[in-house]
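Participant: Below: sequence and its predicted model.
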Amino acid sequence: MALNGLRANRLSILVGAVEKNYECTSVAISSEDTDAGFVSFADTSDGKSYSLVITVAQGDTLSLVGYNNAGETRTVTVDFNRMDGSKIRVTGTVTVAATDGTVFGGDVDKSGSALFTSEMTWPFLAKPTQTLIAAP
């Protein structure tokens, strides 16, 4: 039986309704335990916070969205392609944040064709939804 995992060379990311695949060199959905402090029985959280972690080309629109629009919210849709042609679609609303660390610039590259990149972490307002989309 062949694996039907996520393909590491193909995905689609939409911020709002605009495709941003060409600006990203890394896209991940991460989670971590939240420090909830007081938790009541009314709390329906799974105890996790979720984030979109992206590495983007500096100076292109996504890096500038992070730089100029921190604190605003955006709807994000990421389609992770599977080996059989189906997709796992992850959708949610994130809070835009500027990069931590290097905002502009970086190390020299002698080739002259490399781009500077920055990593940004945009927290989801709630656990993102996941939908399996069948292969065409």
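Facilitator: Looks like it arrived, so ask away. Remember, it's a predicted structure, so these values are computed and weren't measured experimentally.

Participant: Count the residues that sit near residue 106.
Facilitator: Residue 106 sits with 13 neighbouring residues when counted by other C-beta atoms under 10 Å. Any C-beta I mention is one placed from the backbone N, CA and C, and that applies to glycine too.

Participant: give me every residue that touches it.
Facilitator: Listed by C-beta atoms under 8 Å, 6 or more residues apart in numbering, the contact partners of residue 106 are 58, 116, 117.

Participant: same deal with residue 128?
Facilitator: For residue 128, the contact set (C-beta under 8 Å, 6+ apart) comprises 29, 50, 76, 90, 91, 92.

Participant: any idea whether the fifth one is helix, strand or coil?
Facilitator: Okay, so that is residue 91. In terms of secondary structure, residue 91 is strand; the call rests on DSSP: H, G, I helix; E, B strand; the rest coil.

Participant: so who does it touch?
Facilitator: Contacts for residue 91 were tallied using C-beta under 8 Å, 6+ apart; they are 75, 76, 77, 78, 128, 129, 131.

Participant: other SSEs contacting the helix or strand where the fourth one lies?
Facilitator: For residue 78, the element it lies in under DSSP states H and E is strand 73-82. Where contact means 3 or more C-beta pairs under 8 Å, 6 or more residues apart in numbering; DSSP states H and E, strand 73-82 is packed against strand 6-15, strand 87-95.

Participant: what about the helix or strand that comes right after the first one, distance to the chain center?
Facilitator: Toward the C-terminus, strand 6-15 is succeeded by strand 18-19 as the next helix or strand (DSSP H and E). Centre-to-centre, strand 18-19 and its host chain are 13 Å apart (C-alpha atoms, centre = their mean, to the nearest Å).

Participant: Thank you kindly, that will do.
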